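>>> missing the sequence, but the structure's below:
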């Protein structure tokens, strides 16, 4: 499956950050946020740092061929230090490196994380064959805010868990009428206070680094849709199914 989101050339990358957040109601300064978050039935629940060890039941892998790559980039350039530190899921020494550029509001990105990632994590990441690095590529104010909040959770494991939860529950916040109220609920589940939430979304340095991560992906590596994967430098786009991604990984082992 190779469906993907709109080309980034249709969207400005040099975001006016303050206006960008304010226009979507994402600067957390209104009393309505606390009221909305307080109504959550899960307000006393914390997002678990470690996700469930039980992967969804999946049928045996079929004989699926790896889709053709869309080109390749220099691995040393791809792995060079960027605006934000990479967070590695899996063994840093794993022979296959998957770099995923994703927007937190991208439906195809969520589809990959819900439908394909659990099997890939079980079969390749947890077995030491592959590692995953997710890099931010926000298409809109809500995606930018969600990416920032994940980075503000406190450590690498919590950021990974926050990304997983926001992808799995994307419909609850990405299309909510009040984006800031919906995101505040998830921030509180991750252990953040409203003050933490406000400070995170008003962190101009973090905002700029997320935007620079997106710009680097587009300008240096030709990312123009999400999700885009680089597997040991080879480029693939779209919400690859579990067997397709498995075939890609196997072809690089």
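Yes, it's here. Here the structure is a predicted model, which means the values were calculated and not measured. Residues are numbered from 1 along each chain as shown.
>>> mind checking the SS state of residue 235?
strand (DSSP: H, G, I helix; E, B strand; the rest coil).
>>> show the pLDDT at it.
Here the pLDDT value assigned to residue 235 is 98.
>>> does residue 165 touch residue 186 like I think?
Yes. Using CB atoms under 8 Å, residue 165 is in contact with residue 186, at 6.6 Å. The way it works is simple: take the backbone N, C-alpha and C, and place the C-beta from them, glycine included.
>>> neighbour count winner among the two?
residue 186 (23 against 18; other CB atoms under 10 Å).
>>> name the helix or strand for that one, please.
helix 179-189 (DSSP states H and E).
>>> and that helix, what does it pack against?
helix 31-38, helix 141-151, helix 156-168, helix 170-174, helix 194-201 (3 or more CB pairs under 8 Å, 6 or more residues apart in numbering; DSSP states H and E).
>>> got the angle for the longest one vs helix 179-189?
This means helix 156-168. Counting by axes from the mean of the first three to the mean of the last three CA atoms, to 10 degrees, helix 156-168 lies at 140 degrees to helix 179-189.
>>> got the buried residues for helix 156-168?
158-167 (16 or more other CB atoms under 10 Å).
>>> redo those as CSV? Include pLDDT and distance to residue 88.
CSV is the format used below for the buried residues of helix 156-168 (pLDDT from 0 to 100; distance: CB to CB, whole Å):
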residue, pLDDT, distance to residue 88
158, 92, 15
159, 94, 11
160, 94, 9
161, 94, 15
162, 95, 16
163, 96, 13
164, 95, 15
165, 95, 19
166, 96, 19
167, 96, 18
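>>> just for this protein, where's the confidence low?
Along the chain, the parts satisfying pLDDT under 70 run over 1-62.
>>> ok, now with 90
Within the chain, the segments meeting pLDDT under 90 span 1-67, 154-155, 179, 239.
>>> chain center to the longest helix along it: distance?
In the chain, assigned by DSSP state H, the helix with the most residues is helix 204-221. The chain centre lies 14 Å from the centre of helix 204-221; the measure is CA atoms, centre = their mean, to the nearest Å.
>>> which other helices and strands contact the very next helix or strand once past that helix?
Going down the chain from helix 204-221, the next helix or strand is strand 228-231, by DSSP H and E. Judged by 3+ CB pairs under 8 Å, 6+ apart, the packing partners of strand 228-231 are strand 96-102, strand 234-237, helix 242-251.
>>> centre of the chain versus strand 228-231, how much separation?
Computed by CA atoms, centre = their mean, the separation of strand 228-231 from the middle of its chain amounts to 13 Å.
>>> direction included, what does that strand pair against?
strand 96-102 (antiparallel), strand 234-237 (antiparallel) (DSSP bridges).
>>> looking at the ones you listed, which is buried most?
Greatest average neighbour count among those goes to strand 96-102 (a mean of 23), per mean count of other CB atoms under 10 Å.
>>> got a list of contacts for it?
75, 78-79, 109, 124, 129-137, 217, 221, 223, 226-232, 249, 252-253 (CB atoms under 8 Å, 6 or more residues apart in numbering).
>>> now, of the residues you listed, which are buried?
78, 109, 124, 129-137, 217, 221, 223, 226-232, 249, 252.
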